[in-house]
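1. Sequence first, predicted coordinates after that:
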Amino acid sequence: MSQRRRVARAAFSATAATACLALATPAWASSTIGLKSAHHGKKAGYFTQQCDDERFANLPDDHDGWHFVLPGKNSGSFETLTLTFSDGTNDVMVNIPDGSDAYPDFFYSTGGKDPRQIHAYLFTPAGWKLVDGSATISGTGDDFNVSHTCKGTVPKPTPTPTPSVSESPEPSESPSASESPEPSESPSASESPSTSESPTPSDSASPTTSPSGGTGGGSDLPLTGVAVTGMALTGVALIGGGVALMTLRRRRDRITFTG
């Protein structure tokens, strides 16, 4: 009888232990859930802004702060998160936790008697878009979501390189534009006075050569010629006037005799 009781007790203990393991196994298993569908393709400015969150105290001004939360009592805790962001050109995958990348992240526990790691924080460059995400949790759940964010200021480095690009062609264009008209205008201006001045010395040279050629009497000949011509014209005029007067007088005498 004693042996039968011992065997029965052993069998009962084994059955109880197996039942306990079977009940505890679902609590120990991990599961994977996705990001809430309504939060896909959203930037930090889309969500509730809560920059006074003390865990955003070290957030740089040019970074966005993200706070992810795991809802549900049976969801357990965050184990890992895999998030995909778009920087405007390429997709960037960020893991939490990961201390080797350039994006600060950490988990935050609820505390209390039964602490759960249901809060996850991440800092990314400002302006990134949350494309998709998944999480490995210690319990079971439907999805996780963004609780709130703190939008940063997107840096604008574009204005700095633009002046250097615009200034480089300006000095190269200014000399070419200024040099091209100057030589073309300068010869035209110099040639016009040279042609106008050329006849003046030729005119002045013609009278000077004539007196130099006839040094003995050449200078008096043109002067006497001018005087004789004037005197001849005057004499002709006087003779013509005398003839006219003689003609008039004869006509008067004729009129007197006939009368």
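-> Structure received. Computed from a predicted structure; not experimentally measured. Numbers count the residues shown, from 1 in each chain.
2. what comes into contact with stretch 49-65?
-> 43-44, 67, 104, 106, 108, 121-128, 148-155 (CB atoms under 8 Å, 6 or more residues apart in numbering). For glycine as for every other residue, the C-beta is placed from the backbone atoms N, C-alpha and C.
3. let's go with 7 Å and repeat that
-> 44, 67, 108, 121, 123-126, 128, 148-153, 155 (CB atoms under 7 Å, 6 or more residues apart in numbering).
4. now do the same end-to-end measure for that stretch.
-> 10 Å (CA to CA, to the nearest Å).
5. Who are the contact partners of Gln117?
-> Counted by CB under 7 Å, 6+ apart, Gln117 has contacts Ser77, Phe78, Phe107, Ser109.
6. and Tyr46, how far is that from Gly112?
-> 32 Å (CB to CB, to the nearest Å).
7. Tell me which of those two has more neighbours.
-> Tyr46 (15 against 7; other CB atoms under 10 Å).
8. Could you tell me the model confidence score at the more buried one?
-> pLDDT, Tyr46: 98.
9. got it, and Ser147?
-> 98.
10. got the contact list for the one helix or strand it maps to?
-> Using DSSP states H and E, Ser147 sits in strand 143-150. Strand 143-150 is contacted from outside by 33-36, 39, 44, 47-51, 53, 56, 59, 64-70, 135, using CB under 7 Å, 6+ apart.
11. And the helices in the stretch 51-200 of the chain?
-> Ranges of helices within the stretch 51-200 of the chain are 161-167, 169-179, 181-197, 199-213, based on DSSP state H, counting those that start in this stretch.
12. What mean pLDDT does stretch 244-259 get?
-> On average, stretch 244-259 scores 64.
13. Equivalent analysis for stretch 78-91, please.
-> Stretch 78-91 comes out at a mean pLDDT of 97.
14. In that stretch, which of the residues would be classed as buried?
-> Under the neighbour-count criterion of 16 or more other CB atoms under 10 Å, stretch 78-91 has Phe78, Glu79, Thr80, Leu81, Thr82, Leu83, Thr84, Phe85, Ser86 buried.
15. go on, stretch 127-140?
-> For stretch 127-140, by 16+ other CB under 10 Å, it's Gly127, Trp128, Lys129, Leu130, Val131, Asp132, Gly133, Ala135, Ile137, Ser138, Gly139.
16. Turn the residues you listed into TSV, columns for pLDDT and distance to Gly242.
-> Formatted as TSV, those follow (pLDDT from 0 to 100; distance: CB to CB, whole Å):
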residue	pLDDT	distance to Gly242
Gly127	97	121
Trp128	98	126
Lys129	98	125
Leu130	98	131
Val131	98	130
Asp132	98	134
Gly133	98	137
Ala135	98	144
Ile137	97	149
Ser138	96	154
Gly139	95	154
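17. Now do the strands for the protein: every range, in order, please.
-> For the chain, the strands defined by DSSP state E cover 31-35, 42-43, 63-69, 78-86, 91-96, 105-108, 119-125, 129-137, 143-150.
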